[in-house]
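Colleague: With the input below, show me the fold.
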Amino acid sequence: MIKISMRGLAAIAIVTIGCIAAPQPALAGTASITSGLNGSSVETPTPTPAASETPAPTLAPTEAPTQTATPEPSPVPTDPAEQTWTLAKIAYLDTVYELVDGVTPTPISFERYRDVYKFAAVQPAPTAYVKYPWSATVYGVTFWQTDSDTWQWDELTFPQYQKAHYPAVRNAGWILGSSYYQWSTSAELFVQGGDGVVHKLNYSEWADSGFQDFERLDNVGFQKLSWSAEIGGMNDIAGGQGAKLSYAEWAAESFPTPQVVQRFPGDQFYRSAGDPTVVYAGPLVNRAVSYPEWAAAGFPAPDVHGSTAPSSPTVSAPARPGDKDCGDFATRAEAQNWFNTYYPTYGDIAGLDSDNDRLACETLP
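Modeller: Have a look, this model is predicted:
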C-alpha cells in the first residue's frame, strides 16, 4: 500500500494597497472687476469650485488555492491459497511446514511448495535430541513455541537418527508419553517410557522428572512366601491370584521388591491319608515342603485327603469332576486352583500338569 503524506501549505500573504490622494488640480475661474486701493480697477479672479476627490480603488485579497488530498488506494485482498509464510523443516523428517501466522506449523504438499513457494529456502526447525539414561531410545523434540503443549515429540528410528546426522543426545528427566506408577506391595516408584522400557526410580531421578504425579495400583503387585524363593506377579492380592515369574519377567518389571508373606489367601497344606509328607498348594508353588519350611509357615495343620477314618470327619473328598483341559481356563491361576482342589484326591485327572511339577497349565497367562 502506498501512503501519500500531505505537505503543509505555505501561508500566502495578502497585500492590501492603500488609497492614494490625487493631487489638487489647478483651478480655472472667471475674472471679476473690483476697485483697487488706488482707485484703479483690479481684476480679481473668481475661484472655481474644486472637483470632488475620487477614491483610489482597493485591491481585493487573492484567495489561496485549496489543496485536494489524494485518496489512498484500497488494498487488494490476498487469495488465501496464495498466502505464504516462513517455511521450516525437522532434520529427520521429509515434511516441510509453513508457520501459519508465524507460529502454527502446518504441513504442506509438494505441489504447494513448488507452485506457491517456488522451492523457497526452508529454515531448520529448533529441535533437541533426548533420551532416558536407562534406555537407548532417542526422541526428537521440536519447540514450535515456548508453551510445552506445542512441542512435537517423535521416537526416532535409527535411520531417522542417521538422517539427522547423528546429533548430540542429552539425558532427560521427563519425556512425553511416560507413565509413572506405584505397585500396592511397596513404596517404590516406576516409570514406563513410550518405548515400553520400565525403570525403578530413585529419589533423584523422580526429582529430575519434576516430581511427576504417579498412579497407585491397588490390589496388584509382587509377593513371595517367606519360606520359599519364588516371586509372583499378583493380579488379585485379596483373592490370592497370581503366578510365578521367571527371572526375565521380573527383570522386565525393573526388579520390584516383592512383599513377603507367610501365606496366600486360599492356599492349602495337605497330606494324603497314611502319608506323612506335607504338601503345599498355592499360586506360586505346588510341592512337598520340608520341616523347616512347614515351621516357617507356622505349622499349619494339613488337610488329610483320601482318608475314611472316623478321626477326620471334617475331611470330605470332592465329587469327581468332569473332563477339563487348559483351554477351559482363562488364567494359569484359575487352572491351578482347580488342580489343587482335585489333585489330592484324584491326582492329575485332567492332565493339566504335563511335566509332573504340580504346576497346571503353565502356558496360560
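Colleague: now the strands for the stretch 101-250 of the chain?
Modeller: 104-107, 123-124, 127-131, 139-142, 152-155, 170-171, 179-183, 189-192, 198-201, 215-217, 221-225, 231-236, 241-244 (DSSP state E, counting those that start in this stretch).
Colleague: tell me which strands and helices the first one is in contact with?
Modeller: The reference is to strand 104-107. Here strand 104-107 touches strand 96-100, going by 3 or more C-beta pairs under 8 Å, 6 or more residues apart in numbering; DSSP states H and E. For the C-beta atoms, the positions are set from N, CA and C on the backbone; glycine is no exception.
Colleague: and what of the fifth one?
Modeller: When contacts are defined as 3+ C-beta pairs under 8 Å, 6+ apart, strand 152-155 packs onto strand 139-142.
Colleague: Identify all contacting residues around the strand it packs on.
Modeller: Counting contacts by C-beta atoms under 8 Å, 6 or more residues apart in numbering, the residues outside strand 139-142 that touch it are 90-92, 125-131, 151-156, 160, 164, 172, 175-176, 194.
Colleague: one more time with 6 Å
Modeller: Residues from elsewhere that reach strand 139-142 (C-beta atoms under 6 Å, 6 or more residues apart in numbering): 90, 125, 127-130, 151-156, 175.
Colleague: Same list (the strands of the stretch 101-250 of the chain) but as JSON lines, adding mean pLDDT and mean neighbour count.
Modeller: Output for these, formatted as JSON lines (pLDDT from 0 to 100; neighbours: other C-beta atoms under 10 Å):
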{"stretch": "strand 104-107", "mean pLDDT": "96", "mean neighbour count": "13"}
{"stretch": "strand 123-124", "mean pLDDT": "97", "mean neighbour count": "10"}
{"stretch": "strand 127-131", "mean pLDDT": "98", "mean neighbour count": "18"}
{"stretch": "strand 139-142", "mean pLDDT": "98", "mean neighbour count": "21"}
{"stretch": "strand 152-155", "mean pLDDT": "97", "mean neighbour count": "15"}
{"stretch": "strand 170-171", "mean pLDDT": "97", "mean neighbour count": "10"}
{"stretch": "strand 179-183", "mean pLDDT": "98", "mean neighbour count": "17"}
{"stretch": "strand 189-192", "mean pLDDT": "98", "mean neighbour count": "19"}
{"stretch": "strand 198-201", "mean pLDDT": "98", "mean neighbour count": "18"}
{"stretch": "strand 215-217", "mean pLDDT": "98", "mean neighbour count": "10"}
{"stretch": "strand 221-225", "mean pLDDT": "98", "mean neighbour count": "22"}
{"stretch": "strand 231-236", "mean pLDDT": "97", "mean neighbour count": "21"}
{"stretch": "strand 241-244", "mean pLDDT": "96", "mean neighbour count": "22"}
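Colleague: Name the residues that touch the helix or strand harbouring residue 344?
Modeller: Residue 344 is part of helix 332-346 when elements are defined by DSSP states H and E. If you take C-beta under 6 Å, 6+ apart as the criterion, helix 332-346 is touched by 241, 243, 268, 270, 281, 283, 305, 317-318, 321, 329, 349, 352, 360-361, 364.
Colleague: tell me the two of those residues that are most distant?
Modeller: 243 and 317 (27.2 Å; C-beta to C-beta).
Colleague: and the gap between the nearest residue to residue 250 once chain neighbours are set aside and residue 174?
Modeller: Using C-beta to C-beta, 6 or more residues apart in numbering and skipping residues adjacent in sequence, the residue nearest residue 250 is residue 231, 5.8 Å away. According to C-beta to C-beta, to the nearest Å, residue 231 stands 30 Å off from residue 174.
Colleague: Next up, the contacts around residue 232.
Modeller: Applying C-beta under 6 Å, 6+ apart, the residues near residue 232 are 223, 242, 244, 284.
Colleague: surely residue 174 meets residue 211?
Modeller: No: taking contacts as C-beta atoms under 6 Å, residue 174 lies outside contact range of residue 211: 9.9 Å.
Colleague: Looking at those two, which is more packed in?
Modeller: Using other C-beta atoms under 10 Å as the criterion, residue 174 and residue 211 rank with residue 174 on top: 14 against 11.
Colleague: can you pull the pLDDT of the residue nearest to residue 195 when sequence neighbours are not counted?
Modeller: Closest residue to residue 195 apart from its sequence neighbours, by C-beta to C-beta, 6+ apart: residue 137 at 4.2 Å. According to the prediction, residue 137 has pLDDT 98.
Colleague: one step back: redo the strands of the stretch 101-250 of the chain as TSV? Include distance to residue 343.
Modeller: Listed next are the strands of the stretch 101-250 of the chain as TSV, based on distance: least, C-beta to C-beta, whole Å:
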stretch	distance to residue 343
strand 104-107	63
strand 123-124	68
strand 127-131	50
strand 139-142	51
strand 152-155	48
strand 170-171	52
strand 179-183	31
strand 189-192	37
strand 198-201	36
strand 215-217	32
strand 221-225	19
strand 231-236	20
strand 241-244	17
